[in-house]
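1. predicted model, plus sequence, below.
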Amino acid sequence: MTQSSVLVTGACGEIGQALVQALAARGARVVTADLAPLPESIRALPVEHLQGDLVNRVKQFYDYDFDIIYHLAASLSAKAEIASEEAHRINVEGTMQLLMMSAYRAEKYSKPIKFIFPSSIAAYGMPNITAKKNAGRVKEDDWNTPHTMYGCNKLYCEKLGIYYGQFFGQKHLDANPPFMPDFRAIRFPGLISAFTVPSGGTSDYGPEMLHAAAQGKPYACFVRGDTKISFMAMPDAIKALLMLTDAPREKLSRQVYNIAAFAPSADEFRARALKAFPNADITFAPNPRRQGIVDSWPEDVDDSSARADWGWKPDYDEDKFFDEYFLPEIRRKYEI
Ligand code: SER
């Protein structure tokens, strides 16, 4: 990817910060965009930062010649339930504007711009706990009935990406069809970084609990102990984004892929935290709305398509995640 010109929206978020570091290390020319100024972790990198509202400022991006777009900017699941109209504007309108720009540039300059989109396990929706337990590891095309604004937005944006990538204006029917955006999406599980703490999401209880335990702060977990969804180490999430970016198009049998790593219950997270930090004070105080959201998400996902098509395999299972990534890094971070 050396010398590719790359746009990363939502660059100040958790995935954004880690991705921008990885892209800079690969030698890509990176333009970042976010509502916020760049955080400390990426401020010193040689990137050009465009600060401001994505939807209002998308015209600015037409002046750039991007090879790859990582469109990470989003309002996450918990926040989107509270401010649903705003979430729709950010999540759907922002994606639509960038897809239109990619389609315009792909056609005008005969160039297949890669459009990499982080979707989510929120795209799934199980009607109740029994269905969730019985479903096991769900495949991409099952249970596409999200219960949240965020999940609806993500699922619809996957469809929009496929539309702009294949069918926009029915141009695929032309004798010489023009270039279209090369849309690729990953449905991420809950992500855990040792360096940043998430906000506005529902899988946040995992990382919040672990960071609180490491800092010796009490934590009241907002879901029940038996709650189970899939999680992944942030370095694996970045690895997946880069692997999917690099995969030859002809190897990809689909546009949207599950990826998985490990799926502990909240009780298991607590046990891990107590083992590492015996004085951790972790209690459970379920919030019915947030509980409802995770109860609608699958316990785990089937990532066999990603494994078969682009060689996906996580580096961190649950043991390696704690022993080789999270605990050593978090001890350094909080100096314990
Ligand atoms: N981590 C996200 C959230 O909780 C799911 O994609 O909203």
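-> Looks like it came in fine. Source: prediction; values computed, not measured.
2. Phe183 touches Tyr164, doesn't it?
-> Yes. Phe183 lies in contact with Tyr164 (C-beta atoms under 8 Å); the separation is 6.6 Å. Backbone N, C-alpha and C define where each C-beta goes, glycine included.
3. joint contacts of these two?
-> Residues touching both Phe183 and Tyr164 (C-beta atoms under 8 Å, 6 or more residues apart in numbering) are 99, 115.
4. and the helices in the stretch 201-336 of the chain, which stretches?
-> Taking DSSP state H, counting those that start in this stretch, the helices of the stretch 201-336 of the chain run over residues 205-215, 234-246, 266-276, 288-295, 304-310, 318-320, 327-334.
5. in the stretch 101-250 of the chain, which residue sits nearest the ligand?
-> Gly201 (2.7 Å; C-beta to the nearest ligand atom).
6. what's near enough to touch the nearest residue to Arg89 once chain neighbours are set aside?
-> Distances taken as C-beta to C-beta, 6 or more residues apart in numbering put Val55 closest to Arg89, at 6.2 Å, once the chain neighbours are dropped. Contact analysis of Val55 by C-beta under 8 Å, 6+ apart lists 89-90, 93-94, 97.
7. dump the residues you listed to a markdown table, plus secondary structure.
-> Below are the contacts of Val55 laid out as a markdown table (DSSP: H, G, I helix; E, B strand; the rest coil):
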| residue | secondary structure |
| --- | --- |
| Arg89 | helix |
| Ile90 | helix |
| Glu93 | helix |
| Gly94 | helix |
| Gln97 | helix |
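8. looking at these, spot the one nearest Leu72.
-> Nearest to Leu72 out of the contacts of Val55 is Gly94 (C-beta to C-beta; 10.4 Å).
9. that closest one reaches Ile69, doesn't it?
-> No. Using C-beta under 8 Å as the test, Gly94 is too far from Ile69 to be in contact (11.5 Å).
10. between those two, which contacts overlap?
-> With contacts defined as C-beta under 8 Å, 6+ apart, the residues shared by Gly94 and Ile69 are Thr9.
11. how about the contacts made by Leu54?
-> With contact set as C-beta under 8 Å, 6+ apart, Leu54 has these partners: 9, 33, 35, 73, 90, 94, 97-98.
12. mind running it again at 6 Å?
-> 9, 73, 94 (C-beta atoms under 6 Å, 6 or more residues apart in numbering).
13. now these in JSON lines, with pLDDT?
-> Converted to JSON lines, the contacts of Leu54 look like this (pLDDT from 0 to 100):
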{"residue": "Thr9", "pLDDT": "98"}
{"residue": "Ala73", "pLDDT": "97"}
{"residue": "Gly94", "pLDDT": "95"}
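14. from those residues, pick the one nearest Arg270.
-> Nearest to Arg270 among the contacts of Leu54: Ala73, at 32.3 Å, using C-beta to C-beta.
15. name the SS class of that closest one, please.
-> Going by three-state DSSP: Ala73 is coil.
16. Lys111 too?
-> Under three-state DSSP, the three-state class of Lys111 is coil.
17. just give the number of residues close to it.
-> Neighbours of Lys111 under the rule other C-beta atoms under 10 Å: 15.
18. start at 831 instead
-> With 831 as the first residue, the last one maps to Lys941.
19. the closest residue to it other than its chain neighbours: neighbouring residues, count only.
-> Once flanking residues are discounted, Lys941 sits nearest to Phe1009: 5.9 Å by C-beta to C-beta, 6+ apart. Phe1009 has 17 neighbouring residues, counting by other C-beta under 10 Å.
20. circling back to that earlier point, write the PyMOL selection for whichever of the contacts of Val885 are buried.
-> Selection command for PyMOL covering only the buried members of those, criterion 16 or more other C-beta atoms under 10 Å:
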select buried, resi 919+920+924+927
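21. any idea which of the contacts of Val885 is closest to the ligand?
-> The ligand lies nearest to Ile920 out of the contacts of Val885, by C-beta to the nearest ligand atom, at 13.1 Å.
22. fine by me, we can end here.
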